[in-house]
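Engineer: Just need the structure, nothing else, for what follows:
(one chain, ligands or ions: 1)
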Amino acid sequence: MKRWKPPQHILGALTIFDGRSGARGVLLKLCIAASLLWMFGGTAGALDWPVAKKVLTATFGENRWNHFHDGIDIGGGNQQVHPSADGEIIFRFEEGSDSRDLPTGLGSFLVLQNTSEFRTLYAHFQKGTMISDKTSVTTGDVLGIVGDTGDSLGSHLHFSVIDTKKGEYLNPLTLLPPLEDTQSPVISSVSLEQNKKSVALGSPMSIPAGKTSLLATVYDPSQYVDYYNPMAPFEIDAAVNGQQLFKITYDRLKAKDGKMYLQPSDGRTFDNYYVATWQVRLGTFELKPGDARIVVTAHDFSGNESSRSYDLTVPAAESGSGATGAGG
Ligand SMILES: [Zn+2]
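Structural biologist: Residues are numbered from 1 along each chain as shown. All right, here's what the predicted structure looks like:
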């Protein structure tokens, strides 16, 4: 039996490094380390892992072709699924062979109401295994068996946490007990885009001043998946000459005006964020004449870090090149 501990305090900790103006890299790293320690020391484990064998195969915020992945995927075979916290089953959909059944990518799935604000969702159950004899469940109950019904490329549990009051999906990893991850994220390329033309950065190089978009290809490999698909990192930040430009944290997705926003304060939708499978548009800024050192840093949820830096020479833009506006 486990009662849900409301995660507001965790969200509070995450907002420590939400603001991007004026924060310095070092201070930021300290904040992240302190927050992660604090979370792991005090509040990670607000939820239980819904399965015993935890093989994380996909993380929160990943590119799913036309939308952000709004939960995590856990492999580990056809094992039992338990509630992450006590709750009431408020929605249950069993995938059937009947063609009149509502089609859904989630396959056979359940939604639990855990508190007045929080819901947890469990998807892709093996056909016919979902609990059907009661609606009030505790963490000792079995909700069903992990399967691959619906839009699934193999047996796994899709697990989402929803804050209905805020209209947000939360990254379940911020609420579950920590999982070991021994591999650092990979930043395989960083590019600048000016006037719709992009150039992959090497060092040293010369790039004209002006309005510039910063793009990065970032993924997080894991010891749990030895096949092709890596996962999304937990955080990416970018700085120019030591000044932080962008910081993206994969902690929540907010639903607004029929769209989902990653890190809602910055208005990142799937369409303006993802450029390719693992390539993201971090943001647009004004590249100023002079020397510029661009540093992109990525963290996974376990705090492993990778960083790439590039030294650029930036000649003043020729007039008429469109280098106007404040950027940002
Ligand atoms: Zn999933």
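
Engineer: Tell me the spacing between the closest residue to the ion within the chain and F125.
Structural biologist: Shortest the chain-to-the ion distance, computed as CB to the ion: residue-wise this is H158, at 3.4 Å. Heads up, the C-betas are built off the backbone N, CA and C, glycines and all. H158 sits 10 Å away from F125, going by CB to CB, to the nearest Å.

Engineer: Common neighbours of those two, please.
Structural biologist: F109 (CB atoms under 8 Å, 6 or more residues apart in numbering).

Engineer: out of the two, which sits in the busier spot?
Structural biologist: The neighbour count for H158 versus F125, taken as other CB atoms under 10 Å, is higher for F125 (29 against 24).

Engineer: Now do that one against R308, distance only.
Structural biologist: On the measure of CB to CB, F125 and R308 end up 41 Å apart.

Engineer: can I assume S213 is in contact with R281?
Structural biologist: Yes - contact between S213 and R281 holds when scored by CB atoms under 8 Å: they sit 5.8 Å apart.

Engineer: Report the set of residues contacting both of these two.
Structural biologist: E193.

Engineer: residue contacts, the spatially closest residue to the residue of the chain closest to the ion that is not a sequence neighbour?
Structural biologist: Nearest non-adjacent residue to H158, counting by CB to CB, 6 or more residues apart in numbering: A123, 4.0 Å away. For A123, the contact set (CB under 8 Å, 6+ apart) comprises L106, G107, S108, F109, L110, G150, L157, H158, F159, S160.

Engineer: How about E180?
Structural biologist: So E180 contacts S302 (CB under 8 Å, 6+ apart).

Engineer: now R252
Structural biologist: L11, D163, E168, Y169, L170, N171, Q263, P264.

Engineer: Identify the bridge partners of the third one.
Structural biologist: When assigned by DSSP bridges, E168 has beta-bridge partners D163, K254.

Engineer: so which strand or helix has the residue of the chain closest to the ion?
Structural biologist: Applying DSSP states H and E as the criterion places H158 in strand 157-163.

Engineer: Let me know the average pLDDT across that strand.
Structural biologist: The average of the pLDDT scores along strand 157-163 is 97.
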